[in-house]
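Asks: structure for this input, please:
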Amino acid sequence: MANFTEKAIVETLNELLKVHTIDKITVKDLTEACGISRNTFYYHFHDIYEVLTKDFIERTDAIVRAHDEDESWEDLFIDGLGFLYTNKTAINHIYKSVDSESLDRFLDKVVYNYTRAVVEEESGKGRFRDRAISLAADFYKNALLGAVLGWIENDMKESPEDLAHLYNSVFSGTIESLLASIEKAI
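Replies: Next up is the predicted model:
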């Protein structure tokens, strides 16, 4: 029963985000639209941001699981951007909210995990220390996060494919040289 209720809460929040910014949606709005009590809501979630985070994490995990290991990181990035683009109104409502901290935290975590996986794959087993891999992943995370947030701020004018292709071209062949430079510095 918990999964059904949580899914209903998440879906209702997504519907409300098509109309309102996240800072304008209250638990009361959500529970009334969902047809549940406040106690039921608080049994499953602490606040609306936890609902949002759960939804983002589940969707991101689904995107990652849908890709097999032989696909390029660009394909995965296109799908991730495609999710944002498909949900443009909701993402803009979240991004333009007074408190967009939840989106920033979510993107930071997801993009780091993603860049870490790409750097680990490109680095070759055992060639570089974990510290170098972590620093390189953090570097690429910040670059991609800045690009994605800028893209959202500019109303997602470029297609997900164009943005992913651009950053694939920029980063292509740079991971190993960045790792080597970091190894020398640490």
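Asks: now Leu17. Nearest residue, chain neighbours left out?
Replies: Ala90 (3.7 Å; C-beta to C-beta, 6 or more residues apart in numbering). C-beta: built from backbone N, CA, C; applies to glycine.
Asks: right, and the helix or strand after whatever helix or strand that neighbour lives in?
Replies: Secondary-structure assignment from DSSP states H and E places Ala90 in helix 88-95. Next along the chain after helix 88-95, taking DSSP H and E as the criterion, comes helix 101-123.
Asks: roughly how far is the worst-scoring helix or strand of the chain on mean pLDDT from the heart of the chain?
Replies: Using mean pLDDT, DSSP states H and E, the weakest-scoring helix or strand in the chain turns out to be helix 101-123, at a mean of 76. Distance of helix 101-123 from its chain centroid, counting by C-alpha atoms, centre = their mean, to the nearest Å, is 8 Å.
Asks: repeat for stretch 36-46
Replies: 25 Å.
Asks: now the helices for the chain?
Replies: Secondary structure of the chain by DSSP state H: the helices cover 2-17, 27-34, 38-44, 48-65, 73-86, 88-95, 101-123, 130-153, 160-171, 175-185.
Asks: report all helices and strands that the third one contacts.
Replies: Using 3 or more C-beta pairs under 8 Å, 6 or more residues apart in numbering; DSSP states H and E as the contact definition, the elements that helix 38-44 packs against are helix 2-17, helix 27-34.
Asks: quick one: closest of those helices to Asp130.
Replies: helix 2-17 (35.1 Å; C-beta to C-beta).
Asks: contact partners of that closest one?
Replies: Helix 2-17 is contacted by residues 25, 29-30, 33-34, 36, 40-41, 44-45, 48, 51-52, 54-55, 58, 87, 89-90, 93-94 when judged by C-beta atoms under 8 Å, 6 or more residues apart in numbering.
Asks: write the ChimeraX selection for whichever of those residues are buried.
Replies: ChimeraX command restricting the contacts of helix 2-17 to the buried ones, with burial defined by 16 or more other C-beta atoms under 10 Å:
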select :25,30,34,36,41,44,45,48,51,52,54,55,87,90,93,94
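Asks: where among the helices of the chain is the average confidence lowest?
Replies: Least confident of the helices of the chain, judged by mean pLDDT, is helix 101-123 with a mean of 76.
Asks: send the alpha carbons of it over as CSV?
Replies: The C-alpha coordinates for helix 101-123 follow below in CSV (Å, rounded to 0.1, in the frame of the first residue of the first chain):
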residue,chain,number,x,y,z
GLU,A,101,18.0,24.3,-3.1
SER,A,102,16.3,20.9,-3.5
LEU,A,103,16.9,21.0,-7.3
ASP,A,104,20.5,22.0,-6.8
ARG,A,105,21.2,19.2,-4.2
PHE,A,106,19.5,16.7,-6.5
LEU,A,107,21.4,17.7,-9.6
ASP,A,108,24.7,17.9,-7.7
LYS,A,109,24.3,14.3,-6.4
VAL,A,110,23.1,12.9,-9.7
VAL,A,111,25.6,14.7,-11.9
TYR,A,112,28.5,13.7,-9.5
ASN,A,113,27.5,10.0,-9.6
TYR,A,114,27.2,10.2,-13.4
THR,A,115,30.6,11.9,-13.9
ARG,A,116,32.2,9.6,-11.4
ALA,A,117,31.0,6.6,-13.5
VAL,A,118,32.2,8.1,-16.7
VAL,A,119,35.7,9.0,-15.3
GLU,A,120,36.0,5.6,-13.7
GLU,A,121,35.2,3.9,-17.0
GLU,A,122,37.5,6.1,-19.0
SER,A,123,40.4,5.9,-16.5
